[in-house]
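Q: Structure here, sequence nowhere to be found:
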């Protein structure tokens, strides 16, 4: 088992703190394996195996009509010897009312609880009722480039070759471990995508007109890294001779977010120092989700480089925004506590350096500023702006 060090470090920080640890992310991003890693780590630290209770709540393992009382009693019956227990509960959102059971286990027993889930039922409104102030949410993403290199280190490829693989094949662990070619990799990701769409969205929300929903999804996927509004989608659908309300578009986008297929990136007004509520961008949980639907095409590469950088910043704990500086746009303003960095992403420096540097130079503060590029020859510093190759940026621990 290849250890995902970042997540293990986070879980160690919160170990034995009386908070429910919720690991949430798209299906097949590695949440279940992280729980297995946690179990092994607990055993190595001296915890008795009979004080680690691992439960998986998929429909294959339990009846669909399992109640929170069934769940509570099933776990309670396994805690026979007293003492401190670790509860590792996988895909918990499949149990209606799971929050009540977890809250009772937290209150009535000496437990340290970890749960995972992949859709909106995990983050339902019931959490605010039963677990207010008693949980920590830990987002789980597909593999970072550093993790991808660890997964693929046995194949003898150079960093440049592995970066090219990572850009084209994405970061789903199953793809990285299998060493699949492009066609097979996209087929696997397509299967993941359809399981999410069918299981976590269409069935859950009773979407009757799948064709309309699919058109909205394709519009979002085609426009990764571009600002657009719900009205723009309505006009697009209308141009295809179909009718769709703005409210329906908002619902579809929200459901895609809650299934962790897309992530919303809001705009931040650098002059007014406020978060704007219009013209957001959306990024895909993994670049391969676009390629499995539309194939890999070099013309889409610039937007997908943004996609990769966005998630690297998220992994490192930054809140990420699009920067608006009067009429200029900064690809990313990343904020973490009292830190801030500005990032422009471009495929090639010679073609785009003037625009990228000009936008950054107009920001009158002393926070670090970066241009991240695929250009092999572009490194160094332009008037205080650091030029970094994508691989170096992704592998750097701190900025």
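A: Done, it's in. Note that the structure is a prediction, hence the values are computed from the model and not measured.

Q: Just give me how far stretch 328-341 sits from the chain centre.
A: Computed by C-alpha atoms, centre = their mean, to the nearest Å, the chain-centroid distance of stretch 328-341 equals 19 Å.

Q: So which residues make contact with that stretch?
A: Stretch 328-341 is contacted from outside by 265, 268, 270, 306, 309-310, 313, 316-324, 342-345, 358-360, 362-363, 365, 367-370, 399, using C-beta atoms under 8 Å, 6 or more residues apart in numbering. Where C-beta positions appear, they are placed from N, C-alpha and C, glycine not excepted.

Q: so residue 154 sits in a helix?
A: Yes - counting by DSSP: H, G, I helix; E, B strand; the rest coil, residue 154 falls inside a helix.

Q: Count residues in the vicinity of the closest residue to residue 81 other than its chain neighbours, would you?
A: Leaving aside its chain neighbours, residue 81 sits nearest to residue 50 (6.7 Å; criterion: C-beta to C-beta, 6 or more residues apart in numbering). The local packing of residue 50 (other C-beta atoms under 10 Å) involves 12 other residues.

Q: least trustworthy helix or strand in the chain by mean pLDDT?
A: Ranked by mean pLDDT, DSSP states H and E, the weakest helix or strand in the chain is helix 126-130, scoring a mean of 65.

Q: Might you list the low-confidence residue ranges for this structure?
A: Confidence mapping of the chain against pLDDT under 70 gives the ranges 60-61, 63, 120-128, 350-354.

Q: Residue nearest the middle of it, spatially speaking?
A: The residue lying closest to the centre of the chain (C-alpha atoms, centre = their mean) is residue 141, at 3.9 Å.

Q: quick one: the helices in the stretch 201-350 of the chain?
A: For the stretch 201-350 of the chain, the helices defined by DSSP state H, counting those that start in this stretch cover 210-222, 230-239, 246-258, 288-294, 301-315, 349-361.

Q: My error: substitute the stretch 1-150 of the chain in the last question.
A: Listed from the start of the chain, the stretch 1-150 of the chain has helices (DSSP H, counting those that start in this stretch) covering 5-14, 31-44, 68-76, 98-108, 126-130, 145-152.

Q: residues touching residue 22, list them.
A: Residue 22 makes contacts with 115, 116, 117, 122, 135, 136, 137, 138, as judged by C-beta under 8 Å, 6+ apart.

Q: How about residue 7?
A: 23, 34, 37, 138, 140.

Q: and if we set it to 6 Å?
A: residue 34 (C-beta atoms under 6 Å, 6 or more residues apart in numbering).

Q: Quick check: the gap between it and residue 288.
A: 20 Å (C-beta to C-beta, to the nearest Å).

Q: Which members of the contacts of stretch 328-341 are classed as buried?
A: The neighbour-count criterion (16 or more other C-beta atoms under 10 Å) marks 265, 268, 270, 306, 309-310, 313, 316, 318-324, 342-345, 359-360, 363, 369-370, 399 among the contacts of stretch 328-341 as buried.

Q: re the thing from before, the helices of the stretch 201-350 of the chain: which one's closest to residue 71?
A: Residue 71 lies closest to helix 246-258 among the helices of the stretch 201-350 of the chain, at 21.7 Å (C-beta to C-beta).

Q: Which positions in that closest one come out as buried?
A: By 16+ other C-beta under 10 Å, the buried positions in helix 246-258 come out as 248, 249, 251, 252, 253, 255, 256, 258.

Q: Give me the distance between the last one and residue 79.
A: So that's residue 258. Counting by C-beta to C-beta, the gap from residue 258 to residue 79 is 32 Å.

Q: and what of the second one?
A: Taking C-beta to C-beta as the measure, residue 249 and residue 79 are separated by 47 Å.

Q: backbone phi and psi for the spatially closest residue to residue 157 that is not a sequence neighbour, please?
A: Here the nearest residue to residue 157 in space, its sequence neighbours aside, is residue 165; by C-beta to C-beta, 6+ apart that works out to 7.2 Å. Dihedral angles phi and psi of residue 165 (degrees, to the nearest 10) take the values phi -60, psi -50.

Q: neighbours around residue 165, how many?
A: Per other C-beta under 10 Å, the neighbour tally for residue 165 reads 21.

Q: Kindly report the same for the one 5 residues further on.
A: One way to gauge burial is a neighbour count; for residue 170, by other C-beta under 10 Å, it gives 27.

Q: I figured it hits residue 286, correct?
A: Yes - using C-beta atoms under 6 Å, residue 170 is in contact with residue 286, at 4.4 Å.

Q: Each with direction, which strands does whichever strand in the chain runs longest pair with?
A: Longest strand in the chain, counting residues (DSSP state E): strand 274-284. Using DSSP bridges, strand 274-284 pairs in its sheet with strand 262-269 (antiparallel).

Q: quick one: the strand it pairs with to helix 246-258, angle?
A: Interaxial angle of strand 262-269 relative to helix 246-258 (axes from the mean of the first three to the mean of the last three C-alpha atoms, to 10 degrees): 110 degrees.
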